[in-house]
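**Q** Structure, please.
(chains A and B)
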Amino acid sequence: MTVDESEIEQGLDIHSHQWTLRVAEPCPTQFQLFHADKLVYQGKLELINNGDMLDATQAQWRFRHRQNRIEQWCQLHHGDKLSINMNYYFHDNAVVVEYLARNSIPTRLDIRHAITPIEPDVENSLQPADLSEWQRRRHGLPSESIRHSIKPDLFREAFSATQWIVLDKM
Amino acid sequence: MSKIAILPGSTYTRQNSNDCWSMQNTDPLKPGYDFDAHLVAGLTPIIEGDELDYTIDRQSGMKGYIINITSKGEGTIFSGEHEFHVKAGDILLFPPSAAHYYHRKKDNASWFHRWVYFRPRAFWNDWLSWQEERNGVYVTSGLSAQDIDHIESLFVDIEYTAKSDLPYRDDLAINLLEQLLIRCKSVQPDVVSKPLDPRIIQAINYMTQNLNQDFTLEEIAAHTCLSPSRLGHLFRDEMKMTITQWRDDQRISRAKQLLVTTHYSVNHIGRIVGYSDPLYFSRVFKRKAGVSPKLYREKIT
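**A** As a prediction, the model looks like this:
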C-alpha cells in the first residue's frame, strides 16, 4: 500500500530479529539501521550521472510500505528525465537495497548508499564495514565468456544494481 | 498509467496524454517501432510514473515470437479471468498468434523485463512449446536461482552481441538464442524426467548413425540384445511413439534442415535422409510438416 504523509514523516520501518531499517520523508536520501533501538549505521544516497553527483533531496519521492519491504521512487529532472526506484528488505543475514533507474537518454549512471557507522562499539556488527565487490553488484553486464570481445557499454538507458549490507548479529 | 494499443500494420493510440510518439521510431521500447527483423533484443525498464509506464496491448500478437524474463519487480499479464502476475525469474514465450497485454503490476514500483523478439528457424519447432500455457502464452516459473542466473545472462549476452560490431554478430546472437531456447525447453517439468533405458539409447544411437540406411526392426533389436517384440514395447513405453514414427521424425527433421541450408534437390535430400522413393518421401514429409518439401523450402527461405 502507498503510505500517508504522517506515516512517512515518522519513518517507515522493516524489521528482522533485533535489526530495524528506517526510511523517512524528511531525509528521503538516507536510511538508518538500528540494532536493539540503537542507531548503528546510516546510509546516504550517492547518485552519480556521467561523473557528476546529482542532488535527489528535492525530488518528490513516493513510498510504499509492506510488512517486509519498503519501496521508494521518484522522477528527477536534471536536464534529462531520470526515474529512480529503490527497494529495501532483509534477506538471510543482510539488508538488501535494490537500485533501478531509467534515464530518458543513455547515460553513465551509478547509484549507491555510502554507509557510515554511528556507534563505534558496534562497528564490527557489519562485516565488512567497507563495501567490497561482492557486496555490490551491477546487473545487466555481459558474461565473462564474451567480455573479451564485447566491451560493456556503460552508457545505458537503464540501470540496475543491488547492494548487500551483511549483518553478523542476526 | 496510460495505455497504448499497438496493432501490427496499423496506427497506435495513446490515452491520457498529449505526447506524440514518432511513427518511424527506431527505439523498440516505444510505439511505432517496426519489428521487421529476425532478432531484436532489449530491456524494458518500467518505473512507476515514467514515460514507459503504460500498457502494451497488441491484440493480434506479432509476426514473430517474443521470449521475456522478468529481471526485477513484477508485471501483470492479461486482465480479467486470464490475468496473472510475473516476478523476477519468471519467463514468458509469446507465439506469433498470442495476444500481448501486459504492464507493471500496480502495487509494485517497477518492472524490468528483458526480451528477445525473433523469427524462428524451422528446426527450432520442438523448443517452442512449453508445458504450462496461459491464454496462448507459455509460462515457466519456479526455477532455481542458478538456472535463472544462467538464463538471464543469455538474454544479456544476446542483446550485447546483437548490438555489437563483431563479425558474424547476427549468427552469434542467433546461436546464443538457440542456447536460450534449448535451456528453457530443458527445464520444463515434462522434459526433466527419468533417464532413458540404456537399451533405448542404444537403439536411438543405431538409428541416428544409420538414418540413411534401410534398416529393419530385427537389425535394431539384434543390436540392443532384445527381441523385436520386446524392443517395440519398451520403445513405445519410453518414447511415447513407435520406432517407425521416431525414425520418420528424425528423417524429416534432418530433411527440413537440409532444405533451408543447402541447394540440394528435393529428391537428393530424400535419399540423404533414407528415402529411396521420392514419392514416399514427399508423402511422409507432407504428413509431418503439413506442406510439401518444395513449398516448405519456399516458405522458409
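**Q** Which residues outside stretch B:247-255 are in contact with it?
**A** With contact meaning C-beta atoms under 8 Å, 6 or more residues apart in numbering or on different chains, stretch B:247-255 is reached by B:123, B:207-208, B:211, B:241, B:269-270, B:272-275, B:281, B:284-285, B:288-289, B:293. For glycine as for every other residue, the C-beta is placed from the backbone atoms N, C-alpha and C.
**Q** Only whichever of those residues are buried, select them in PyMOL.
**A** Remark: buried members of the contacts of stretch B:247-255, expressed as a PyMOL selection using 16 or more other C-beta atoms under 10 Å in any protein chain shown:
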select buried, chain B and resi 207+269+270+272+273+274+275+281+284+285+289+293
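**Q** mind checking the SS state of residue B:97?
**A** coil (DSSP: H, G, I helix; E, B strand; the rest coil).
**Q** which residues does it contact?
**A** B:61, B:136.
**Q** Residue B:258: which element?
**A** Using DSSP states H and E, residue B:258 sits in helix B:243-261.
**Q** in that helix, what's buried?
**A** In helix B:243-261, counting by 16+ other C-beta under 10 Å, buried: B:243, B:246-248, B:250-256, B:258-259.
**Q** dump the residue contacts of the residue nearest to the spatial centre of chain A.
**A** In chain A, the centroid-proximal residue (C-alpha atoms, centre = their mean) is residue A:97; its distance is 4.4 Å. Residue A:97 makes contact with A:31, A:43, A:86-88, A:113, A:162-163, A:165 under the criterion C-beta under 8 Å, 6+ apart.
**Q** at 10 Å what do you get?
**A** Residues near residue A:97 by C-beta atoms under 10 Å, 6 or more residues apart in numbering or on different chains: A:21, A:31, A:43, A:45, A:70, A:72, A:86-89, A:111-113, A:136, A:161-165.
**Q** ok, and the closest non-adjacent residue to residue A:48?
**A** Of all residues not flanking residue A:48 in the chain, residue A:110 sits nearest, at 4.3 Å (C-beta to C-beta, 6 or more residues apart in numbering or on different chains).
**Q** Who's the closest spatial neighbour of residue B:228, skipping the chain neighbours?
**A** Take residue B:228 and drop its neighbours on the chain: the residue closest to it by C-beta to C-beta, 6+ apart is residue B:221, 4.3 Å away.
**Q** Give me the phi and psi for that neighbour.
**A** Residue B:221 has phi and psi values of phi -60, psi -40 when expressed as degrees, to the nearest 10.
**Q** if we can go back for a sec, could you redo the buried residues of helix B:243-261 as a markdown table and give each row pLDDT?
**A** Compiled in a markdown table, those are given as follows (pLDDT from 0 to 100):
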| residue | pLDDT |
| --- | --- |
| B:243 | 94 |
| B:246 | 92 |
| B:247 | 92 |
| B:248 | 92 |
| B:250 | 90 |
| B:251 | 92 |
| B:252 | 91 |
| B:253 | 85 |
| B:254 | 87 |
| B:255 | 91 |
| B:256 | 86 |
| B:258 | 87 |
| B:259 | 89 |
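**Q** Now render these as a markdown table, adding distance to residue B:86.
**A** A markdown table is the format used below for those (distance: C-beta to C-beta, whole Å):
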| residue | distance to residue B:86 |
| --- | --- |
| B:243 | 41 |
| B:246 | 36 |
| B:247 | 40 |
| B:248 | 38 |
| B:250 | 36 |
| B:251 | 39 |
| B:252 | 36 |
| B:253 | 32 |
| B:254 | 37 |
| B:255 | 38 |
| B:256 | 33 |
| B:258 | 39 |
| B:259 | 37 |
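**Q** Can you tell me which of these comes closest to residue B:88?
**A** residue B:253 (35.3 Å; C-beta to C-beta).
**Q** ok, that closest one to chain A distance?
**A** According to C-beta to the nearest C-beta, to the nearest Å, residue B:253 stands 29 Å off from chain A.
**Q** what do you get for residue B:201?
**A** Computed as C-beta to the nearest C-beta, the residue B:201 to chain A distance reads 30 Å.
**Q** what about that residue, how many neighbours?
**A** Number of residues near residue B:201 (other C-beta atoms under 10 Å in any protein chain shown) recorded here: 13.
**Q** Please enumerate the strands of chain B.
**A** With DSSP state E as the criterion, chain B has strands at B:2-6, B:12-14, B:39-47, B:54-58, B:65-73, B:75-77, B:84-86, B:91-94, B:100-104, B:110-118, B:132-134, B:137-140.
**Q** which one of these lies closest to chain A?
**A** Of all the strands of chain B, the one in closest proximity to chain A, counting by C-beta to the nearest C-beta, is strand B:39-47 (3.6 Å).
**Q** Show me the longest strand that occurs in chain A.
**A** For chain A, the longest strand by residue count, based on DSSP E, is strand A:94-107.
**Q** Can you show me the CA trace of whatever helix or strand comes next after it as CSV?
**A** Remark: after strand A:94-107, the chain's next helix or strand is strand A:109-117, criterion DSSP H and E. Output in CSV follows, covering the C-alpha atoms of strand A:109-117 (Å, rounded to 0.1, in the frame of the first residue of the first chain):
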residue,chain,number,x,y,z
LEU,A,109,24.8,6.1,-14.1
ASP,A,110,25.9,4.9,-10.7
ILE,A,111,23.6,4.7,-7.6
ARG,A,112,24.6,3.5,-4.2
HIS,A,113,24.5,4.3,-0.5
ALA,A,114,27.6,5.4,1.4
ILE,A,115,27.4,3.6,4.7
THR,A,116,28.6,5.4,7.9
PRO,A,117,29.0,3.8,11.3
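**Q** Tell me the helices and strands packed up against strand A:109-117.
**A** Packing partners of strand A:109-117 (3 or more C-beta pairs under 10 Å, 6 or more residues apart in numbering or on different chains; DSSP states H and E): strand A:27-35, strand A:38-49, strand A:52-54, strand A:81-91, strand A:94-107, strand A:136-138, strand A:156-166.
**Q** what's the pLDDT at the residue nearest to residue B:228?
**A** In the predicted model, residue B:221 carries a pLDDT score of 95.
**Q** Please report the number of neighbouring residues for it.
**A** Neighbour tally, residue B:221, other C-beta under 10 Å: 20.
**Q** what's the distance between the residue lying farthest from the centre of chain A and residue B:75?
**A** Distance from the centre of chain A peaks at residue A:149, with 31.8 Å (C-alpha atoms, centre = their mean). Here residue A:149 is placed at a distance of 33 Å from residue B:75 (C-beta to C-beta, to the nearest Å).
**Q** Buried residues of stretch B:288-301, list them for me.
**A** For stretch B:288-301, by 16+ other C-beta under 10 Å, it's B:289, B:293, B:296-297.
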